[in-house]
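Visitor: Sharing a sequence plus its predicted fold:
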Amino acid sequence: MIKRIGFLLLVFGWVPPVLAVEGENTYDRITLDAVASERADNDTTVVTLFYQSRGKVPERVAERVNEAIAWGVDKVKRHPAIKVQTAGYHTTPVYRDGKATGIWEVRQAIRLEGRDFREVSSLLGELQEKLAIQQIGFRLSSERLQELERGLITTAIARFKQKAGLVAEQFGAADYRLVSLNISSLPGRRPVPMMRTFGAMEAKMATAPVIEAGEQEVRIDVRGVIELIRE
């Protein structure tokens, strides 16, 4: 048996044992955090509109919905700066007192996204000739959010380093080394704050809405662990 072990060591080579002691070399570790934030004006409007119809022949109902949605998409495409996409197509039977009425309901939505608030508001006034507004929300564009995050990351990391240096000094350490670092942003990619949902009657009766985009906070959180270096 001993000879066989010796043979295996000759064939595969000697592999020294790895000694890992839980908590070894983890003295003087300190968790720190730093934050940088800025409030910014929302520069993008996001709107959902829909068309809904009922009838006993589902094919005809679907045809009416398709025509209305196609009409709306064509209207939006005349505004190259505004993005449009279709969404949420639903066909469902209508029940009354738990029984099928033989009536079908078809609904489809479109989603608009634009950065010119006046242009979006004017277009909504036109679209409400046939479509109803479901939601209006506001957010930061990807370009603006990335621009803000770049500056805030630089600021947050600088604050973290300043705090780490101060802590090392207060504990009488010569310096510190970074063990781990986590950077997170608020908001994420991508919430749509300040969302407004319209009731059915309000959606049908509304004219071109007054759009006030407001603002939101963009924040970068830096959290990390440092290890003090003793002389």
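Guide: All right, it came through fine.
Visitor: Every contact and neighbour count from this point should use C-alpha atoms.
Guide: Fine.
Visitor: and the longest helix seen in the chain, what's its mean pLDDT?
Guide: Using DSSP state H, we find that the single longest helix of the chain is helix 142-170. Helix 142-170 shows a mean pLDDT of 96 in the predicted model.
Visitor: again, but for stretch 58-77
Guide: Stretch 58-77 comes out at a mean pLDDT of 96.
Visitor: Stretch 26-45 now?
Guide: 92.
Visitor: now what about it, what contacts it?
Guide: Where contact means C-alpha atoms under 8 Å, 6 or more residues apart in numbering, the residues beyond stretch 26-45 that reach it are 112-117, 120, 136-141, 148, 152-153, 155-157, 159-160, 163-164, 213-228.
Visitor: buried set for the longest helix of the chain?
Guide: Neighbour-count burial for helix 142-170, counted by 16 or more other C-alpha atoms under 10 Å, picks out 145, 148-149, 152-153, 155-157, 159-161, 164-165, 167-168.
Visitor: Next SSE downstream of it?
Guide: As assigned by DSSP states H and E, the chain's next helix or strand after helix 142-170 is strand 175-186.
Visitor: Quick one: residues in contact with that following strand.
Guide: Outside strand 175-186, the residues within contact range by C-alpha under 8 Å, 6+ apart are 149, 164-165, 168-169, 217-230.
Visitor: same thing but 7 Å
Guide: 168, 218-229 (C-alpha atoms under 7 Å, 6 or more residues apart in numbering).
Visitor: Now that we have these, which of them are buried?
Guide: Neighbour counting by 16+ other C-alpha under 10 Å classes Ala168, Val218, Arg219, Ile220, Asp221, Val222, Arg223, Gly224, Val225, Ile226, Glu227, Leu228 among those as buried.
Visitor: Thank you kindly, that will do.
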